[in-house]
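>>> Fold the stuff below for me.
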Amino acid sequence: MKRIPLGVALAACLLGATASTASAKMYELGASSDGASVSCPNSCFVVTRTTALQVETGTVRYPTTVPKDGRIVAFTLQLGSLSDRQIHFFNSTYGGTSRVQIAVLRSQPRPKRSFQVVATTPVFRIQPFFGTTVQFPLETTLPVRKGDVIALTVPTWAPVLAVNLPTQNGWRASRATSCTDLLTQTAQIAVGNTTQYKCLYQTARVTYTATLIPTPVPPKPPAKRRTTTRK
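Modelled structure (predicted):
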């Protein structure tokens, strides 16, 4: 039996391991590097009683669109800092303490700009984190398909709004009628609910992102080399 030097065998194994390693990628949907910050406490604008979907951030349309099948594993909020007086006003006006949840939306053919809720997280109480940027890991991750969009549902109110931005920024709310009615509950809370996102609010951004881990795909096997024989 021919003996193979140990160093050669080890190098061959390492080379094989390197060639078969797949690179993992994580996506932060909705992320932007332009430094926009939430409005509160000064000129404090908040999102109220609706589901908010960012539809334009600079040159990016629908920045929270899912690029690949996978799972949402966390979401991040940039939250304004409010005074006790401001908190009391919003609590008493919009149905209670500040709460949010993530919604996975799937576009519907009609009417125009209609979306159906296909998955949601539990509700998160966010007041303890006012004035910070906070990431919430999900105990139960959300399955998503390529083309889904991630929205932020606000059943009460939330200080997650950056304002006075360039016109290439805008978000839509799950309001099918009056865009100035901020009191009526229009949040898409139940899975299966479908509604039209009629209302567009420009020069503003909802300050949330969602973390996606794509479903791994096995590498394709190498193509078999065709051999020919001479007669």
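
>>> what bits of the protein have low per-residue confidence?
For the chain, applying pLDDT under 70 flags the ranges 1-24, 226-231.

>>> 90 instead, please
Per-residue confidence of the chain (counting by pLDDT under 90) places the weak regions at 1-25, 32-43, 58-59, 109-112, 176-178, 216-231.

>>> And the helices in this protein?
For the chain, the helices defined by DSSP state H occupy 6-20, 84-93.

>>> Tell me the bridge partners for residue 195.
Following DSSP bridges, residue 195 is listed with bridge partners residue 115.

>>> please renumber so the chain begins at 51
Taking 51 as the first residue, the last one we looked at is residue 245.

>>> Verify the stated contact: it with residue 165.
Yes: using C-beta atoms under 8 Å, residue 245 is in contact with residue 165, at 7.1 Å. Every C-beta, even on glycine, is put in place using the N, C-alpha and C of the backbone.

>>> show me the contacts for the closest residue to residue 76 other than its chain neighbours.
Closest residue to residue 76 apart from its sequence neighbours, by C-beta to C-beta, 6 or more residues apart in numbering: residue 263 at 5.7 Å. Contact analysis of residue 263 by C-beta atoms under 8 Å, 6 or more residues apart in numbering lists 74, 76, 120, 121, 123, 191.

>>> mind running it again at 6 Å?
76, 120, 121, 123 (C-beta atoms under 6 Å, 6 or more residues apart in numbering).

>>> how close does residue 170 get to residue 270?
Relative to residue 270, residue 170 is positioned 35 Å away (criterion: C-beta to C-beta, to the nearest Å).

>>> Among the two, which residue is more densely surrounded?
Neighbours were tallied for residue 170 and for residue 270 using other C-beta atoms under 10 Å; the higher tally belongs to residue 170 (20 against 6).

>>> ok, the more buried one touching residue 153?
Yes: using C-beta atoms under 6 Å, residue 170 is in contact with residue 153, at 5.1 Å.

>>> Could you pull out the buried residues of stretch 166-180?
Of the residues in stretch 166-180, those scored as buried under the neighbour-count criterion (16 or more other C-beta atoms under 10 Å) are 167, 168, 169, 170, 171, 174, 176, 180.
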